[in-house]
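Chemist: test case, fold it:
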Amino acid sequence: MGSNSIKLLSGNSHPDLAEKIAKILGLSLSKIGVYQYSNKETSVTIGESIRDEDVYIIQTGSGQQEINDFLMELLILIHACKTASARRITAVIPNFPYARQDKKDKSRAPITAKLIANLLETAGCDHVITMDLHASQIQGFFHIPVDNLYAEPSVLNYIRTKTDIQNAILVSPDAGGAKRVASIADKLDLNFALIHKERQKANEVSRMVLVGDVRGKSCLLVDDMADTCGTLVKACDTLFENGAKEVIAVVTHGIFSGSAKEKLRNSRISRMVCTNSLPVDLELRICDQIDISPTLAEAIRRLHNGESVSYLFTHAPA
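Modeler: Residues are numbered from 1 along each chain as shown. Purely as a prediction, here's the structure:
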């Protein structure tokens with residue numbers, strides 16, 4: 001019986017992360033071929049038997065233009081495993097695609113995150129592991145278990161060891177992230193400030209108002225994702241206008257799409273810290289990375305052995 005073995009499969013979105021997870025688990029990635037025909041259709045072949053095995057497919061929602069290709073690749077991989085009689089199929093999706101489309105905030109708006117949940121289930125997925133979901137109610141869109149891991153323990157380690165914590169203050173760039181930032185501030189015993197933004201239209205911030213005192217402080221701007229980086233850069237300017245000494249941005253998902261890199265280069269952010277939930281181009285001189293592969297690997301190990309995963313919500317594996 002193959003009930004004891006884990007089969008790790010990796011899509012093309014983040015091979016580096018998959019390699020790291022496999023190394024920690026002491027496994028090698030299963031042989032698969034994922035390629036595109038010249039008409040851009042995705043084709044998948046699995047090069048070894050996975051009958052009755054516990055299969056984990058690592059594929060992240062990459063922030064560049066291939067996001068839909070990678071999503072399709074994941075769905076086809078899941079379906080291929082299902083039809084090859086895998087016992088259980090778990091999708092490991094560190095950055096959940098379309099997570100920002102999680103509610104009907106205007107008339108005729110789609111709830112695309114719900115559609116993605118339906119697609120994953122229809123393809124044959126039995127379990128999902130993700131990290132720092134943009135909105136935790138997305139877990140309720142599924143009829144299968146979802147483990148939403150937190151980057152927080154790894155972020156806390158980073159802040160404790162690599163920043164000047166004596167003179168720091170945590171800042172949330174918007175009201176939505178206030179809860180996340182308050183939780184980190186609490187654990188580090190630091191103050192926290194909040195930036196309230198007034199929007200004219202989606203993705204464009206018009207005015208920012210700071211609530212809290214940052215004068216002479218080292219500001220840690222914490223968010224769950226940095227996409228176009230408009231918010232972060234404007235928040236940074238607002239903090240400097242209010243007398244901040246330096247600004248370090250810490251995000252879980254570094255998407256950096258469009259002109260983000262340009263904006264960061266020209267900004268006054270002294271360090272941009274993100275996890276490797278997405279492949280990050282470290283060309284950016286100010287970029288620093290937190291490795292989350294130990295957390296994902298430990299989640300896979302615990303899930304496979306039927307152990308509790310909640311330990312990882314408060315501890316970062318060494």
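Chemist: show the backbone phi and psi for the nearest residue to Pro279 once chain neighbours are set aside.
Modeler: Ranked by CB to CB, 6 or more residues apart in numbering and with sequence neighbours excluded, the top spatial neighbour of Pro279 is His14, at 5.2 Å. To be clear about C-beta, it is placed using only N, CA and C from the backbone, and glycine gets the same treatment. Torsion angles at His14 (phi, psi; degrees, to the nearest 10) stand at phi -150, psi 70.
Chemist: so for the helix ranked longest in the chain, what gets flagged as buried?
Modeler: Ranked by number of residues, the top helix in the chain under DSSP state H is helix 67-83. Along helix 67-83, these residues count as buried under the neighbour rule (16 or more other CB atoms under 10 Å): 67, 69-81.
Chemist: that older thread, my read: the residue nearest to Pro279 touches Ile58, true?
Modeler: Yes. Taking CB atoms under 8 Å as the definition, His14 is a contact partner of Ile58 at 7.0 Å.
Chemist: now do the strands in this structure.
Modeler: 6-10, 32-36, 42-46, 54-58, 88-93, 127-131, 146-149, 168-172, 192-201, 204-211, 218-226, 246-254, 271-275, 287-290 (DSSP state E).
Chemist: of all those strands, which lies closest to Tyr311?
Modeler: For the strands of the chain, proximity to Tyr311 was assessed by CB to CB; strand 146-149 is nearest, at 10.8 Å.
Chemist: what helices and strands are in contact with the closest one?
Modeler: strand 127-131, helix 293-304 (3 or more CB pairs under 8 Å, 6 or more residues apart in numbering; DSSP states H and E).
Chemist: got the CA coordinates for it in CSV?
Modeler: Taking C-alpha atoms only, strand 146-149 is exported to CSV below (Å, rounded to 0.1, in the frame of the first residue of the first chain):
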residue,chain,number,x,y,z
VAL,A,146,-8.6,24.9,3.7
ASP,A,147,-5.5,25.5,5.9
ASN,A,148,-4.7,29.2,5.8
LEU,A,149,-1.2,29.5,7.2
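Chemist: other residues contacting it?
Modeler: When contacts are defined by CB atoms under 8 Å, 6 or more residues apart in numbering, strand 146-149 is touched by residues 127-133, 136, 138-139, 295-296, 299, 303, 309, 312-313.
Chemist: then stretch 59-74?
Modeler: 10-14, 17, 34, 36, 40, 42, 44, 57, 77, 91-99, 116, 119-120, 123, 227, 253-257, 277-279.
Chemist: which of these are buried?
Modeler: 10-14, 17, 34, 42, 44, 57, 77, 91-99, 116, 120, 123, 227, 253-256, 277-279.
Chemist: can you tell me the strand partners of the helix or strand of the chain with the lowest mean pLDDT and which way each runs?
Modeler: Least confident helix or strand of the chain, by mean pLDDT, DSSP states H and E, is strand 204-211 with a mean of 79. Partners of strand 204-211 in the sheet, by DSSP bridges, are strand 192-201 (antiparallel).
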